[in-house]
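Asks: Whatever this is, show me its structure:
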Amino acid sequence: MKYVPSLQKKYGEEVIPSLKKEFGYKSIMQVPRLEKIVINQGIGQAIQDKKILEFSVNELTAITGQKPVVGNSTKDVSNFKLRIGMPIGVKVTLRREKMYEFLERLITAALPRIRDFKGIDNKFDGRGNYTLGIEEQIIFPEIVLDKVHKIMGMNVTLVTSANTDEEGYALLKDFGIPFKKIN
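Replies: Model prediction:
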């Protein structure tokens, strides 16, 4: 018996029938699905302090369960004292089981820990994908506050196979993402 994350079960048992009914899809293959989650963290301060890169890699590894890829600069920018090849960001791409596990932890554990949380905006990119900006990495329970070197933000992009924003919104809403109420 293979382990299946609970959100993946929910997708198969509840989300697919709900979306088929709502949008009138004839086949299960037409129903939008979550393809991947990309977590991206810019660490421009690593130019002055090399330890920030190490801390950022360790924190993203703890949050996602997967080691991030370090992105290097492709240009020289003299105003920022930046040279080609210097590390300026880290990113993780989650797929399959790890993706569903991360999304469940984000919905149930991390988002409720945001101070004065009233829901997330429902601004999509026009193709059914959603990017959520997180201002502090300490909202994740995997991060130990005493070991935090610097409070840093990150972007979490939920990439779907939806063709429109309405389909992407319905998919993410059915997963349980707490969007703000539309007036």
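
Asks: residues touching I107, list them.
Replies: Residues near I107 by Cβ atoms under 8 Å, 6 or more residues apart in numbering: F175, G176, I177, P178. C-beta coordinates here come from the backbone N, C-alpha and C atoms, glycine included.

Asks: ok, it to R113 distance?
Replies: Distance from I107 to R113, counting by Cβ to Cβ, to the nearest Å: 12 Å.

Asks: and the most centrally placed residue in the chain, helix, strand or coil?
Replies: Closest to where the C-alpha atoms of the chain average out (Cα atoms, centre = their mean) is V156, at 2.7 Å. Under DSSP: H, G, I helix; E, B strand; the rest coil, the three-state class of V156 is strand.

Asks: Same check on K10?
Replies: K10 is classified as helix under three-state DSSP.

Asks: For the nearest residue to the residue nearest to the centre of the chain once chain neighbours are set aside, give me its contacts.
Replies: Nearest non-adjacent residue to V156, counting by Cβ to Cβ, 6 or more residues apart in numbering: L132, 4.6 Å away. Contacts for L132 (Cβ under 8 Å, 6+ apart) come out as I120, N155, V156, T157, L158.

Asks: Same check on V156?
Replies: So V156 contacts I37, V38, I39, L106, T131, L132, I134 (Cβ under 8 Å, 6+ apart).

Asks: got a list of contacts for the lengthiest helix in the chain?
Replies: What stands out as the longest helix in the chain, according to DSSP state H, is helix 51-64. Contact with helix 51-64 is made by 39, 41, 43, 45-46, 67-68, 70, 87, 90, 92, 94, 98, 102, 137, 140, 142-143, 148-150, 152, 154, as judged by Cβ under 8 Å, 6+ apart.

Asks: if we go to 7 Å?
Replies: 39, 41, 43, 45-46, 67-68, 70, 87, 90, 92, 94, 102, 137, 140, 142-143, 149-150, 152 (Cβ atoms under 7 Å, 6 or more residues apart in numbering).

Asks: now swap in stretch 5-24 and tell me
Replies: With Cβ under 7 Å, 6+ apart as the criterion, stretch 5-24 contacts 25, 28, 31-32, 97, 100-101, 103-104, 167, 170-171, 174-175.
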